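Undergrad: here is a sequence with its predicted model. Questions after.
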Amino acid sequence: MKPIIHSLIQILLFVSVGSSSFAQEICNNNIDDDGDRLIDLYDVEDCPCSIGDTFKISLIPNPSFENVNCIPNGPAQLNCAEGWSQATLATSDLFSTDGFIPNFVSLPLPDGNNCVATRIDADWMEYIGTCLNGPLLAGQSYLLRFNVASDIYNGEIDFSDFPVDLVLFGKTSCDPFPIQTTSCPESLGWKEIGKINYSMKHSWISTYIFFTPKEDIYSVMLGGPCDFPAVTALYIFWDNLQLNRADDEIIYYVPNTFTPNGDEDNNIFNPVFVCGYDPFEYRFEVYDRWGETVFTSLDSKAGWDGTYNGLPAKEGVFGWKLEYKADNTTEKKVLTGHANLLR
């Protein structure tokens with residue numbers, strides 16, 4: 001998803017072919033309005049601005065690292081990404097398919113052409129940091145949604161041996177970066193405000209950190225844990241960092257990539273609801289690029305396994321439509337978006 005939420009301006013156009021005319025494609029209704037067998041976001045000629053699955057502007061600036069002031073031609077060039085800083089003296093990397101990107105980075109990237117990499121090592125901890133677009137308020141819950149992939153920095157070690165905590169640190173002020181350390185930032189006024197335990201996987205997955213800060217936070221940094229063992233070094237790749245206030249009525253996210261390849265991770269595609277919804281007022285549909293429905297569920301726990309009519313669906317982009325109701329209101333909401341199926 002892009003860092004700016006596009007506004008769709010509906011303009012009624014009528015194209016005459018002989019004595020016939022066709023309606024303009026409406027870009028958020030899951031219907032082939034103009035009869036060209038392409039619907040909504042797949043009709044790129046008629047819908048250049050996709051609604052996608054971005055619902056709010058992230059409190060993190062430049063969340064997908066797409067806004068740059070230079071193209072990286074090597075490692076340690078996070079400074080090319082606008083709004084982001086090398087959080088510590090250990091230098092993290094900006095990778096770009098337009099410039100420098102190592103062959104061990106999983107492609108395609110989840111969003112756009114850029115991603116960031118941080119190294120996690122016992123004596124060399126790389127972090128990325130930024131001042132927020134607005135403060136995280138004490139006592140208010142937040143959701144940081146992001147895409148992540150990984151690799152072993154050196155050696156040939158089984159990924160399964162290294163589940164690792166990915167940690168979000170915060171500070172009550174926005175001070176200049178980098179801070180003067182190559183290790184954990186806790187000794188310099190930074191506090192852990194959220195984390196997840198991540199099972200390393202080379203391919204990209206979607207995940208989130210749900211947290212409630214105890215004090216107002218004005219800047220954040222992301223990276224590894226303070227107690228990482230001196231066994232090996234890991235590389236963590238980050239993309240699409242969407243940080244938003246978690247609405248009191250409902251907390252959820254919708255992945256934008258899934259990989260139904262039979263391993264232990266990311267085989268099912270469905271919205272993930274944390275709390276606050278009515279499970280009896282739920283409908284989720286997935287459709288192909290021609291608008292044909294390939295999956296429907298009335299159960300929020302049951303997602304799409306990537307098959308259609310008993311056969312594996314081909315890789316590509318699939319649209320989705322979600323209807324739900326919060327448990328404290330009678331209003332139903334309808335959301336649409338898209339996801340990449342990768343095998």
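TA: Alright, I've got the coordinates. Numbers count the residues shown, from 1 in each chain.
Undergrad: list the residues that contact residue 246.
TA: 140-143, 210, 274 (CB atoms under 8 Å, 6 or more residues apart in numbering). Quick note: C-beta positions are derived from backbone N, CA and C, even for glycine.
Undergrad: next: residue 314.
TA: Residue 314 neighbours (CB under 8 Å, 6+ apart): residue 341.
Undergrad: state the mean pLDDT of stretch 219-231.
TA: Per-region confidence: stretch 219-231 scores 88 on mean pLDDT.
Undergrad: now swap in stretch 192-203 and tell me
TA: 90.
Undergrad: quick one: contacts of it?
TA: Identification of contacts with stretch 192-203 by CB under 8 Å, 6+ apart yields 106, 136, 144, 148-151, 159-160, 162-170, 186, 207-211, 213, 217, 220, 225-226, 234, 236, 259, 263-266, 342.
Undergrad: which ChimeraX command selects the buried ones in these?
TA: Here is the ChimeraX command that selects the buried residues among the contacts of stretch 192-203 (16 or more other CB atoms under 10 Å):
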select :106,136,144,148,149,150,151,162,164,166,167,168,169,170,207,208,209,210,211,213,217,220,225,226,234,236,259,266,342
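Undergrad: list the ones among the contacts of stretch 192-203 that fall in helices.
TA: Among the contacts of stretch 192-203, none falls in helices (DSSP state H).
Undergrad: so which of the contacts of stretch 192-203 sit within strands?
TA: 136, 144, 148-151, 164-170, 207-211, 217, 220, 234, 236 (DSSP state E).
Undergrad: how near is residue 243 to residue 217?
TA: Per CB to CB, to the nearest Å, residue 243 is found 10 Å from residue 217.
Undergrad: which residues do those two both contact?
TA: Taking CB under 8 Å, 6+ apart as the contact rule, residue 243 and residue 217 both touch residue 132.
Undergrad: quick one: least confident of the contacts of residue 246?
TA: Of all those, residue 274 carries the smallest pLDDT score, 58.
Undergrad: with adjacent residues omitted, what lies nearest to residue 316?
TA: Leaving aside its sequence neighbours, residue 316 sits nearest to residue 341 (CB to CB, 6 or more residues apart in numbering; 6.0 Å).
Undergrad: again, but for residue 218
TA: With CB to CB, 6+ apart as the criterion, residue 218 has its nearest non-adjacent residue at 4.6 Å, and that residue is residue 174.
Undergrad: in contact with the one you found, which residues?
TA: By CB under 8 Å, 6+ apart, residue 174 lies in contact with 131-132, 218-219.
Undergrad: now with 7 Å?
TA: Each residue near residue 174 by CB atoms under 7 Å, 6 or more residues apart in numbering is listed here: 131, 218-219.
Undergrad: how about it, secondary structure?
TA: Counting by DSSP: H, G, I helix; E, B strand; the rest coil, the backbone at residue 174 sits in coil.
Undergrad: residue 79 now?
TA: helix.
Undergrad: before we move on, back to that, ranking by neighbours, what's the top pick from the contacts of residue 246?
TA: residue 142 (21 neighbours; other CB atoms under 10 Å).
Undergrad: can you name the residues bridging to it?
TA: Listed by DSSP bridges, the beta-bridge partners for residue 142 are residue 211, residue 245.
Undergrad: look up how far residue 170 lies from it.
TA: Applying CB to CB to residue 142 and residue 170 gives a distance of 10 Å.
Undergrad: straight-line length of stretch 183-199, end to end?
TA: 22 Å (CA to CA, to the nearest Å).
Undergrad: mind listing what's buried in that stretch?
TA: So, applying 16+ other CB under 10 Å, buried residues of stretch 183-199: 183-185, 190, 192-196, 198.
Undergrad: what is the neighbour count of residue 203?
TA: Residue 203 has 16 neighbours, counted by other CB under 10 Å.
Undergrad: can you get me a residue count around the nearest residue to residue 102 once chain neighbours are set aside?
TA: In space, and not counting its chain neighbours, residue 102 is closest to residue 95: 7.0 Å by CB to CB, 6+ apart. Residues lying near residue 95 (other CB under 10 Å) number 22.
Undergrad: repeat for residue 173
TA: Residues near residue 173, counting by other CB under 10 Å, number 10.
Undergrad: name the nearest residue to it, ignoring sequence neighbours.
TA: Once flanking residues are discounted, residue 173 sits nearest to residue 218: 5.7 Å by CB to CB, 6+ apart.
Undergrad: wait, what's in contact with the one you found?
TA: Counted by CB under 7 Å, 6+ apart, residue 218 has contacts 131-132, 135, 171-174.
Undergrad: cool, residue 61 as well?
TA: Applying CB under 7 Å, 6+ apart, we find residue 61 in contact with 83, 130, 133.
Undergrad: ok so it is a helix residue?
TA: No. Residue 61: not assigned to a helix; according to three-state DSSP it is coil.
Undergrad: which non-adjacent residue is nearest it?
TA: The shortest distance from residue 61 to any non-neighbouring residue, by CB to CB, 6+ apart, is to residue 83 (3.6 Å).
Undergrad: on that earlier part again, can you list the strands that the strand or helix carrying the residue nearest to residue 102 pairs with?
TA: Using DSSP states H and E, residue 95 maps to strand 93-96. Partner strands and pairing direction for strand 93-96 (DSSP bridges) are strand 114-120 (antiparallel).
Undergrad: cheers, nothing more for now.
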